[in-house]
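>>> turn this into a structure:
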Amino acid sequence: MTALHDDTPAWPEDAVEVGRILDAWGIQGGFKVQPFSSDPQALFSSRRWFLQPPASASPVPAQRAARPLPRLLKITHAREQGALVVARAQEVDDRNAAEALKGARVFVSRQSFPTAKDGEYYWIDLIGLDVVNREGEALGTVSDLLDTGAHCVLRVRRPDATPDARADEAERLIPFVDAYVDHVDLPARRITVDWGLDY
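Residues are numbered from 1 along each chain as shown. You can find the predicted model right below:
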């Protein structure tokens, strides 16, 4: 008896969501992707994009019902077009197939990301880090980042915040700039900042 083998690679343990497919592009199977970063290099760093259905419970489009969402796309072409990325994949050969991808969430392996330059960090690497001030006082944990255009801002969940606390009570907003950030220690999972407990 011969066992059947699935050629689809296993879902990466370090998968990071990097974008969402918006719609078809052109008539030959291209599709538009909204990257989750102003610099979409994570999308270009891997030719293997893993897909998951949209997070919302919206009805499945008719074309999706006829074409199950592929788990993996092998990207043959990807480029920036304004604020979006347009791409083509081996598995998507016409506009109908591209339309069936609408809303799909795009993931790539974190290992495939380009190496960050000195002093630069991927958001995904900062989320979950502990934040302490120069006095060693715990300010909280990075829950997310905001992009203000001029710079990024750390959203730091206060260690004493209750689950039902309002956002302005539960978090600190600390600009992620040299004036306030002294050191980022990824191996120790800690960020040291010049920030007071009463700020």
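
>>> give me the element the closest residue to Ala87 other than its chain neighbours is part of.
Of all residues not flanking Ala87 in the chain, Ala78 sits nearest, at 4.1 Å (Cβ to Cβ, 6 or more residues apart in numbering). Quick note: C-beta positions are derived from backbone N, CA and C, even for glycine. Using DSSP states H and E, Ala78 sits within strand 72-81.

>>> do the same with Gly140
Per DSSP H and E: Gly140 is located in strand 138-147.

>>> same thing with Pro68?
Going by DSSP H and E, Pro68 is not in any helix or strand.

>>> then Arg20?
Using DSSP H and E, Arg20 falls in strand 15-25.

>>> remind me which residues of this protein are low pLDDT?
Where the chain drops to pLDDT under 70, the residues are 1-8, 38, 56-67.

>>> now do 50
Where the chain drops to pLDDT under 50, the residues are 1-5, 57, 62-65.

>>> partner residues bridging the closest residue to Pro35 other than its chain neighbours?
If the residues on either side of it in the chain are set aside, Pro35 comes closest to Gly19, at 4.5 Å by Cβ to Cβ, 6+ apart. As for beta bridges, Gly19 partners with Pro35, Val106 under DSSP bridges.

>>> got the contact list for the residue nearest to Val18 when sequence neighbours are not counted?
Nearest non-adjacent residue to Val18, counting by Cβ to Cβ, 6+ apart: Ala42, 4.5 Å away. Applying Cβ atoms under 8 Å, 6 or more residues apart in numbering to Ala42 gives the contacts Val16, Val18, Pro35, Val108, Ser112, Phe113, Pro114, Tyr122.
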